[in-house]
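In: fold the following, please.
(chains A, B and C)
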Amino acid sequence: MSKIRAAKAALPPPECEEENAETAPISARAMRRPAAHYLEALNPEQREAVETLDGPLLVLAGAGTGKTRVLTTRIAHILSLGRARPSQILAVTFTNKAAREMKHRVGELIGGVVEGMPWLGTFHAIGVKIMRRHAELVDLKPSFTVLDTDDQIRLIKQLLQAENIDEKRWPARLLAAMIDGWKNRGLRPERVPEGESFAFANGRARDLYAAYQRRLKELNAADFGDLLLENLRLFQEHQDVLEKYQQRFLFMLVDEYQDTNVAQYLWLRLLAQGNGNICCVGDDDQSIYGWRGAEVDNILRFETDFPGARIIRLERNYRSTGHILAAASGLIAHNKGRLGKTLRTDGSEGEKVTVEGCCDDEEEARVIGEDIEQLQRQGHVLGEIAILVRASFQMRAFEDRFITLGLPYRVIGGPRFYERQEIRDATAYFDVTLNPANDLKFERIINTPRRGLGEATLKSLHQLARAQSVPLFQAARLMIETEELKPRPRKSLADLIAAFDRWRGLIDTMGHTELAELILDESGYTGMWQAERSPQAQSKLENLKELIRFMEEFDTLAGFLEHVALVMDAQTEEGADRVNLMTLHSAKGLEFDTVFLPGWDEGLLPHQRSLDESGTAGLEEERRLAHVGLTRARKFAKITFAQNRRNHGMWQTALPSRFIDELPIDHVEVAEDKGLRGYGPSRFDSAENVFADGFYETPGWQRARANRPRGSSPSAPRREPLTIEGTLVAASTADGAGLAIGERIFHQKFGYGRIAQIDGNKLTVDFDKAGQKKVVDSFVERV
DNA sequence: AACTAATACTTTTTT
DNA sequence: AGTATTAGTT
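Out: The predicted model follows:
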């Protein structure tokens, strides 16, 4: 042990023994491996990026060039050289997923779990951590709560009401977005430009922003923007605190640097003024979050911002075949403001990028659905196929189609787990139990489920709370002692207060998961969903169960709540073999063998709104989006466009995207005369297949047959229930088919309906709400 | 306070 | 077209 410690600064002898693997410090464990081991896996540029440890470094890492590998190896290298302890490395990412991935991969490199990297996390998670330690310096208590967007809007609404501002003309959302924008740019209320203040309520925006900040402090709360902006203020106003962190962080690493906003940039720069060992990894060609405050300029200006900076370009692409890479490069070359990289590959040319025009979005879904079935027949794995759309409304056509085909798919992205109504309601209950002064949460659930405490009651509570300057909960406690409320609400409110008091009393004696269940049960919250027989109610109950399961990973209720707002994201269950459906934005950082890119229509892929709002800059960002989409593909990419699209009710005719014409012709193949397929009434599309040979071999049919409880061959693989957004959508009917025309059925996605026609295992159902749909029988249950 | 009818809104998403 | 929120009614 001591021998290893003594050898810290030197390279370890190769014959270093594998003793004390559990107890040895990470750096020591890392040293057991010969240094060359991990460095040899890198190409020269990557290796240079890993070994250039001192001074500012910008790694321009094009798509698929091993960006994460560089970051993780660099961390391992620093540790292995003994240049820093794990706690002296700051590594920031944008998403929890990226942070987890990095932690995992560093762990793999140095052979063990990285318990000791306390400063590897998202900007926000690290921001909270620092702010809790110095809360008083930014006018908060260390126990401050982090507001989610819902709470934020609610608070702003109250503010607008108090100021008598017409919410119709000046929606709370707009102000919330403006405040968010200012925070992203590092602007505190007093610094908001006069002109921008006039964009809301005749120039009152700045004052409202200031009032909002005051309310936050009163509530002992911070919103997401504050986690950065207040942190920045902390560093700016307290030199001693800043210096402490400057000294602590010997090395800084930043992932996805092209996505940083001004506040993040200023924060990073302050910290980097310590020893200057900052390494930013990014790709200006993948900056797609400009609308959210990201500044491409940050990456373009790196050399000026960090004097003496080195820039290393990673241009060897290990992901895509030649044609795909060439098509993507040709496209992105049309952008003006870029640092410029030339991606190249040593791999094969592969197949050209296919382009196919469709007459409308339904045909688009049908064409892609057929292609996927074809691929599946050829033995492709569904999980290696992705459909990347520009806007989420495009997903509907695909979901409908896949449900009809019985093709398993999963939606990635979508509303995040903790953002869902039921999860927020449940956590609001837990929050109030722990902290009755949390007005926003209390207000959220005071009448959920309905307990007769509506607007009128809430209004008088607010009045009393304001008059006495006490939290709502306290006001409620006082009010039930008075005659102000009518008997019924008074009783109801008294019961609620008593219940919360009782739950609070149980915190120390009861296990936190049991307590959570008890709260949801006794409050009537679970009962509320059980009583509702809607397609969503069941999945909401499932989600609540999932929430309880998730809680088990924490020691206390408080510990759980601390993490829930920042860290909890949709659990994307891996493993099950499904087609991936997501937006281009959420596809960044992922890769698939086969990628379908539907909706390359003028007005949708260069999105009209983006063009209108940001002109050329908007167009370039849209082009980067297209580039991100193409570069997700390893072997096969297909672009489609639809001439007609039913957007919001109206049929709109669109031209093919200008980006299609910008693709270098040598690497593109236009799929022609396939246009004939799918013409004619869509409901016959499966019927026509009955006569085509091979119908009984289509994967959809086989899947469906394999799923039939009886009469299927025992060896047939059983399909897992289809899930959407992580929730159970269809479980196979246990007691077999035997459904008859005219029967009432229930479908998890479409709701209730009546069977109109039966064709083998495929049912045509007239749904009460969703209209006529074709579904596979195993997706419905009898009612 | 709860229900129903009318009206507005619809890019992308993290934390 | 569809939903989500709001205003008006019971």
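In: number of residues surrounding the residue of the stretch 401-550 of chain A found nearest DNA strand B?
Out: Relative to DNA strand B, the nearest point of the stretch 401-550 of chain A is A:G454 (2.7 Å; C-beta to the nearest atom of the strand). C-beta: built from backbone N, CA, C; applies to glycine. A count of nearby residues for A:G454, using other C-beta atoms under 10 Å, gives 12.
In: that one contacts A:N447, doesn't it?
Out: Yes. Counting by C-beta atoms under 8 Å, A:N447 is a contact partner of A:G454 at 6.1 Å.
In: so where is chain A shaky, pLDDT-wise?
Out: Applying pLDDT under 70 to chain A flags the ranges A:1-36, A:112-115, A:533-535, A:568-575, A:647-650, A:672-738, A:746-752, A:759-762, A:767-773, A:778-783.
In: for it, which strand is longest?
Out: strand A:633-646 (DSSP state E).
In: near DNA strand B at all, that one?
Out: No. Using C-beta under 7 Å from any atom of the strand, strand A:633-646 stays clear of DNA strand B, with a minimum separation of 11.8 Å.
In: the closest residue to A:H627 other than its chain neighbours and A:D601, how far apart?
Out: Leaving aside its sequence neighbours, A:H627 sits nearest to A:I332 (C-beta to C-beta, 6 or more residues apart in numbering; 4.4 Å). With the distance defined as C-beta to C-beta, to the nearest Å, A:I332 ends up 20 Å from A:D601.
In: next, the contact list for the spatially closest residue to A:F249 that is not a sequence neighbour, please.
Out: Distances taken as C-beta to C-beta, 6+ apart put A:L90 closest to A:F249, at 4.3 Å, once the chain neighbours are dropped. By C-beta atoms under 8 Å, 6 or more residues apart in numbering, the residues touching A:L90 are A:119, A:126, A:249, A:251-253, A:271.
In: and the stretch 151-300 of chain A, which of its residues are near DNA strand C?
Out: Neighbours of DNA strand C within the stretch 151-300 of chain A, by C-beta under 7 Å from any atom of the strand: A:167-168.
In: which SSE is the one residue in the stretch 151-300 of chain A that gets nearest to DNA strand C in?
Out: For the stretch 151-300 of chain A and DNA strand C, the shortest gap (C-beta to the nearest atom of the strand) falls at A:K168, measuring 6.1 Å. Following DSSP states H and E, there is no helix or strand that holds A:K168.
In: just give me the neighbour total for it.
Out: 6.
In: returning to what we had before: next helix or strand past the longest strand of chain A?
Out: Next element after strand A:633-646 (DSSP H and E): strand A:651-653.
In: coming back round to it: which helix or which strand is home to the residue nearest to A:F249?
Out: Going by DSSP H and E, A:L90 is in strand A:89-93.
In: report the buried residues of the helix or strand just after that strand.
Out: Using DSSP H and E, the helix or strand that follows strand A:89-93 in sequence is helix A:96-110. For helix A:96-110, a neighbour-count test (16 or more other C-beta atoms under 10 Å) marks A:96, A:98-99, A:101-103, A:105-107, A:109-110 as buried.
In: arrange the contacts of A:L90 in JSON lines, one row each, with secondary structure and neighbour count as further columns.
Out: Listed next are the contacts of A:L90 as JSON lines, based on DSSP: H, G, I helix; E, B strand; the rest coil; neighbours: other C-beta atoms under 10 Å:
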{"residue": "A:W119", "secondary structure": "coil", "neighbour count": "20"}
{"residue": "A:I126", "secondary structure": "helix", "neighbour count": "22"}
{"residue": "A:F249", "secondary structure": "coil", "neighbour count": "22"}
{"residue": "A:F251", "secondary structure": "strand", "neighbour count": "20"}
{"residue": "A:M252", "secondary structure": "strand", "neighbour count": "21"}
{"residue": "A:L253", "secondary structure": "strand", "neighbour count": "27"}
{"residue": "A:L271", "secondary structure": "helix", "neighbour count": "19"}
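In: flag every buried residue along the strand holding A:L90.
Out: For strand A:89-93, the buried set under the neighbour-count rule, 16+ other C-beta under 10 Å, comprises A:89-93.
In: is it possible to get CSV of the residues you listed that adds distance to DNA strand B?
Out: Shown next, in CSV, are the buried residues of strand A:89-93 (distance: C-beta to the nearest atom of the strand, whole Å):
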residue, distance to DNA strand B
A:I89, 20
A:L90, 16
A:A91, 15
A:V92, 11
A:T93, 8
